[in-house]
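*Asks:* Here's a sequence, model it:
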Amino acid sequence: AGNSLGGITENTREAMLLCEAAGYEIILIETVGVGQNETKVYDMVDFFLLMLITGAGDELQSMKKGIFEMADAIIINKADGSNLARAKAYSTEISSSLHYFFPQPIPVLSCSALENTGVDKVWQEVSSIILKNKKDGSFLKRRKEQQLSWMYSAVRNMLEQKVLNNPSIKKNLKQLETKVIKGEMFPLTAARSLVRKIKS
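*Replies:* Numbers count the residues shown, from 1 in each chain. Okay, here's the model as predicted:
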């Protein structure tokens, strides 16, 4: 992911297009280091599957909206061995807490990748929800919204690069940073002075 937020790189969408052009119908995007507000990947997938495990601090997050309101489904992995009972209890806990936040229930399933149990059920749930979304039109609507999100994201990135790569801006950037850090200049004032240096 490099310096990109949201658990994906800036070129993830392009990589997906290449995979689609190569004939792949199912493409899995695995995020890295995703936090409660790092949900950039939501704007590029047809199905947002949130994977959790017990004993990793995720229990503390189950009462917060954040990334949970983006999820189309939630799975508790590593539901095996001595962890099976904890995983089932955690699954029940999340289902109960989400009930208070969201009018539409979010499916919460448990599985074990190690023992290959529950994985088929997870995939059936994914396929069922995608089929439902295609029938009610929300699938196509989401894809159209994602195209607009991609466009505006690209605009923001291009503008940022145009500002930061501008020779006159580069020359004074460190000086402005120092002034902002020392409290000698208000951040918005510094930002406006940078933007004014851009020539069309």
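
*Asks:* Please name the nearest non-neighbouring residue to Ser168.
*Replies:* Sequence neighbours aside, Lys197 is the residue nearest to Ser168 in space, at 5.1 Å (criterion: CB to CB, 6 or more residues apart in numbering). In short, each C-beta sits where N, CA and C put it, glycine included.

*Asks:* Next, count neighbours for that neighbour.
*Replies:* Using other CB atoms under 10 Å, Lys197 has 13 neighbouring residues.

*Asks:* Pretty sure it sits against Ile169.
*Replies:* Yes - shown here, Lys197 and Ile169 form a contact pair, counting by CB atoms under 8 Å, at 5.2 Å.

*Asks:* any common contacting residues for those two?
*Replies:* Both Lys197 and Ile169 are in contact with Val163, where contact means CB atoms under 8 Å, 6 or more residues apart in numbering.

*Asks:* what are the phi and psi values for Ile53?
*Replies:* Ile53 adopts backbone torsions of phi -130, psi 160, taken as degrees, to the nearest 10.

*Asks:* what about stretch 160-175, start to end distance?
*Replies:* Using CA to CA, to the nearest Å, the end-to-end distance of stretch 160-175 comes to 18 Å.

*Asks:* whoops, stretch 25-43 was the one
*Replies:* From its first residue to its last, stretch 25-43 covers 18 Å (CA to CA).

*Asks:* Dig out what Ile76 forms beta bridges with.
*Replies:* Here Ile76 sits in beta bridges with Leu52, Ser110, going by DSSP bridges.

*Asks:* In contact with it, which residues?
*Replies:* Applying CB under 8 Å, 6+ apart to Ile76 gives the contacts 52-54, 87, 90-91, 94, 108-111.

*Asks:* Much appreciated, bye for now.
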